[in-house]
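Peer 1: sequence isn't available, so here's the structure alone:
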């Protein structure tokens, strides 16, 4: 027979309160989800203030120009995942140089040759960055920053007599397939390929191990330096692809077309949940953070905010998203 004490209902202190959205997301160990929460929140604000039609147009625009944030974010994500201190500040210069080389070669030898030449130039820069870091023992942030100045000088020599990209490439870059821009499909295919590379291949597991503890990874038989070299090659190649596509959409390449992507490439990685100390990357987070940052910038421009106000609001919103995620991506 049950005792009276066993039949009593649990006390208020023994009943767990319902989990909040924050607790649920943290419990799922999905910091990338916060970038999507931020993007959806900004989209709702746009729809509420300007109407659903304008909100839809802004989202479609984000799937064109926000895609460049995704691409540079993927490049930077791979480098940052390789361990503390690894960062590629040459991305903006590679974008400009590759865009110019690609357009020049396309004018003479066709679109395929232009893409090949541009991506080859980006891979070459990535290899040069790795040599500066490995052979000369220069910290990555200094090595890639110094190489960016050299690349910029080379780009200046390529900027004379610039040609417009081929009409066929411009048409493709601004076209749509199944309701989505071609650029979005390209970024999606590349994202899936990188996700597979990170999570289903020996290289991806090795990269995660190197990012977490290089010495332990070396003792486990991982080629630490070989892995880091591949990361910088991939970063340069993706940045070069971004440059050609950006030139196609913009009607030509310019020296400063990659400047705005230096800090953005880092911001989307951090906000997206990739661990800045290395070892853990999230492709989904790069997408969410890119959409969040693009939509935020769009709404501030629409409201007529000055440069100073936009910078303050931009920084505050980034802090809110990072803090809301529990700061997982920023912990050492």
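Peer 2: Cool, the structure landed. None of the values given here were measured: they were computed from a predicted structure.
Peer 1: now residue 185. Nearest residue, chain neighbours left out?
Peer 2: Once flanking residues are discounted, residue 185 sits nearest to residue 177: 5.9 Å by Cβ to Cβ, 6 or more residues apart in numbering. Yep, even glycine has a C-beta here, placed from its N, CA and C like the rest.
Peer 1: actually, residue 120.
Peer 2: Spatial nearest neighbour of residue 120, excluding adjacent residues (Cβ to Cβ, 6+ apart): residue 240 at 7.9 Å.
Peer 1: show me what counts as buried in stretch 72-89.
Peer 2: By 16 or more other Cβ atoms under 10 Å, the buried positions in stretch 72-89 come out as 72-83, 86-89.
Peer 1: state the pair within these that is farthest apart.
Peer 2: 72 and 83 (19.8 Å; Cβ to Cβ).
Peer 1: quickly find the element holding the residue nearest to residue 120.
Peer 2: helix 224-250 (DSSP states H and E).
Peer 1: quick one, what contacts residue 60?
Peer 2: With contacts defined as Cβ atoms under 8 Å, 6 or more residues apart in numbering, the neighbours of residue 60 are residue 181.
Peer 1: against residue 184, how distant is it?
Peer 2: Distance from residue 60 to residue 184, counting by Cβ to Cβ, to the nearest Å: 9 Å.
Peer 1: you'd agree the residue nearest to residue 120 is up against residue 119?
Peer 2: Yes - with contact taken as Cβ atoms under 8 Å, residue 240 and residue 119 are classed as touching, separated by 4.8 Å.
Peer 1: neighbour count winner among the two?
Peer 2: Between residue 240 and residue 119, counted using other Cβ atoms under 10 Å, the more crowded position is residue 240 (30 against 21).
Peer 1: how close does that one sit to residue 273?
Peer 2: 26 Å.
Peer 1: where do the strands sit along this structure?
Peer 2: Taking DSSP state E as the test, the strands found in the chain are 176-177, 180-181.
Peer 1: looking at the ones you listed, which is buried most?
Peer 2: Among those, strand 180-181 has the highest mean neighbour count (mean count of other Cβ atoms under 10 Å), at a mean of 17.
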